[in-house]
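Enquirer: The following block contains a protein sequence and its predicted model.
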Amino acid sequence: MLLYIHIPFCDSKCFYCSFNSYTTLFHLKTEYMKALNIQLQEELKKTKEPLKSIFIGGGTPSSIEANLYDNIFVSLENFIDKDTEVTIEANPNSTTVEWLTHLKNLGVNRVSFGVQSFDDGKLKFLGRNHNKTMALNSVNLASQVGFTNINLDIIYDTAIDTNKLINNDLEIIKTLPINHISAYSLTIEEGTKFFKSPEVKIENIDMASYIFEKLQEFGFSQYEISNFSKDENSRSKHNFGYWEKEDYLGVGAGAVGCIGDKRYYPKKDVQAYIDTPNEYEEIEILKDEDIKLERVFLGLRSLAGVPYNLFTKMEKEKIAILEKEDKIYIKNNLVFNKDFLLSDEIALFLE
Ligand SMILES: C[S@@+](CC[C@H](N)C(=O)[O-])C[C@H]1O[C@@H](n2cnc3c(N)ncnc32)[C@H](O)[C@@H]1O
Ligand code: SF4
């Protein structure tokens, strides 16, 4: 079982981001954290065992004072063991030594920084409220505080990316005390500032391949289309769990939980969530074919692979064709894709 906890507050709204986060609701943060803990205690009744992974994401978890997390970790006490991966997201503009130290003492063992780039021009272009120096400082602070599992999120495929800019970012990444990179191709989402100017996104497969190759050269091997780690141990258990369709609890406004064939949607609106944290906005019953489709898409994008026996006779014939073309391979009864950039095409071919 995995657990996702959502913090719906941000200091500013980035031009590309459609996540459920608000810049004007900080006056609700104490009440929100109380509501979060009420829902958490209810959700934890659905599991008896320690959690494989806990991911506190957002929004911006570092925009909330560290001591407001204390009660959450009291509730989690019996659900964390030595193998539980406990990740928190942090933004460079709000990360401090005190905040990192407090969260580490509570049991957090992995920090994920939303850096996006180390180029000040690109950071402005994306609407970020930090600069290169702040990004470098926060990563180094996390390392000094004793975190050995550090991830950076970066974004590429933007109209201002040049070979030089990407190379500079990669050269900086090479020098940092991190063991994980999530590199996302910019997507244009409805309701964002970028939605009105979709030309800010470019599609450049050569650039993507170049980034993947360079990261590989620097010792980060790719285990999913957007995820790279220094070794097998530093792969994110949380990500892997999602791709293998493990059950997960979703706590917080706009979080999503999924157990078996049921997907749970807590209230998205922050005040409504505070009023009734244990009431879902919706419970979706997933059809078998939807579960399979998701498993195929996610499995082909990653080293999670797809169980061979999930496929029908006709699909297995198509798999044989792709195997001959050296596009996929089968190992331990799992089907793996050789080039993650082709994963969606391959999934559609198999359908
Ligand atoms: C939801 S954010 C939360 C992390 C943190 N608040 C931050 O931004 O620093 C997680 C990551 O998703 C990525 N992301 C969000 N929206 C995206 C988009 N439209 N296109 C590509 N990546 C996106 C960013 O890299 C971001 O760091
Ligand atoms: S990318 Fe992160 S900081 Fe920016 S608006 Fe989205 S959640 Fe907030």
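Expert: Alright, I've got the coordinates. Numbers count the residues shown, from 1 in each chain. Ligands and ions are numbered 1, 2, ... in the order given.

Enquirer: Please make it C-alpha for all contacts and neighbour counts, starting now.
Expert: OK.

Enquirer: does stretch 194-208 come close to ligand 2?
Expert: No - using CA under 6 Å from any ligand atom, we find that stretch 194-208 stays clear of ligand 2, coming within 12.3 Å at best.

Enquirer: Stretch 8-26 too?
Expert: Yes - for stretch 8-26 and ligand 2, the contact criterion (CA under 6 Å from any ligand atom) is met by 10, 13-14, 17, 19.

Enquirer: Could you pick out the buried ones from those residues?
Expert: 10, 13-14, 17 (16 or more other CA atoms under 10 Å).

Enquirer: Looking at these, which is nearest ligand 1?
Expert: Nearest to ligand 1, judged by CA to the nearest ligand atom, of those is C17 at 4.3 Å.

Enquirer: Pull up the distance across stretch 300-320, start to finish.
Expert: End-to-end span of stretch 300-320 (CA to CA, to the nearest Å): 15 Å.

Enquirer: mind listing what whichever residue of the chain sits closest to ligand 1 touches?
Expert: The minimum distance from the chain to ligand 1, using CA to the nearest ligand atom, falls at G114 (2.9 Å). For G114, the contacting residues are 89-92, 152-154, by CA atoms under 8 Å, 6 or more residues apart in numbering.

Enquirer: and T87, that's in a strand?
Expert: Yes - assessed by DSSP: H, G, I helix; E, B strand; the rest coil, T87 belongs to a strand.

Enquirer: Count the neighbours of D157 for me.
Expert: 19 (other CA atoms under 10 Å).

Enquirer: who are the neighbours in contact with it?
Expert: So D157 contacts 185-186, 201-204, 207-208 (CA under 8 Å, 6+ apart).

Enquirer: and these, which are buried?
Expert: 185-186, 201-202, 207-208.

Enquirer: which among those residues gets closest to ligand 2?
Expert: L186 (11.2 Å).

Enquirer: Could you verify my assumption that the closest one touches I160?
Expert: No - in this structure L186 lies outside contact range of I160 using CA atoms under 8 Å: 11.8 Å.

Enquirer: could the residues of stretch 8-26 next to ligand 2 go into CSV alongside distance to ligand 1?
Expert: Converted to CSV, those look like this (distance: CA to the nearest ligand atom, whole Å):
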residue, distance to ligand 1
C10, 7
K13, 9
C14, 8
C17, 4
F19, 6
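
Enquirer: Which residue is the nearest non-sequential neighbour of L322?
Expert: Excluding the flanking residues, the one nearest L322 by CA to CA, 6 or more residues apart in numbering is I328, at 5.9 Å.

Enquirer: Ramachandran coordinates for the one you found?
Expert: When quoted as degrees, to the nearest 10, the phi and psi of I328 stand at phi -140, psi 170.

Enquirer: Kindly provide the distance from it to F336.
Expert: Applying CA to CA to I328 and F336 gives a distance of 6 Å.

Enquirer: Neighbour count for the two, which is higher?
Expert: F336 (24 against 19).

Enquirer: sorry, back to before: and which of the contacts of D157 is nearest to A253?
Expert: Sorting the contacts of D157 by how near they are to A253, with CA to CA, puts L186 at the top with 24.4 Å.

Enquirer: Correct me if wrong: M134 contacts T95.
Expert: No - M134 is beyond contact range of T95, at 9.1 Å (criterion: CA under 8 Å).

Enquirer: shared neighbours of those two, which are they?
Expert: What both M134 and T95 touch, as defined by CA under 8 Å, 6+ apart, is an empty set.

Enquirer: Which one's more surrounded, the two?
Expert: Between M134 and T95, T95 has the larger neighbour count (other CA under 10 Å), namely 22 against 18.

Enquirer: Please report phi then psi for the more buried one.
Expert: Dihedral angles for T95 - degrees, to the nearest 10 - are phi -90, psi 130.

Enquirer: ok, it - contacts?
Expert: T95 touches 62, 138, counting by CA under 8 Å, 6+ apart.

Enquirer: hmm, 10 Å instead?
Expert: Counting by CA atoms under 10 Å, 6 or more residues apart in numbering, T95 makes contact with 61-63, 89, 113, 134-135, 137-139, 141-142.

Enquirer: just to revisit the earlier point, what's the overlap in contacts for L186 and I160?
Expert: Joint contacts of L186 and I160 (CA under 10 Å, 6+ apart) are 200-202.

Enquirer: picking up where we left off before, so which of the buried ones among the contacts of D157 are in strands?
Expert: S185 (DSSP state E).
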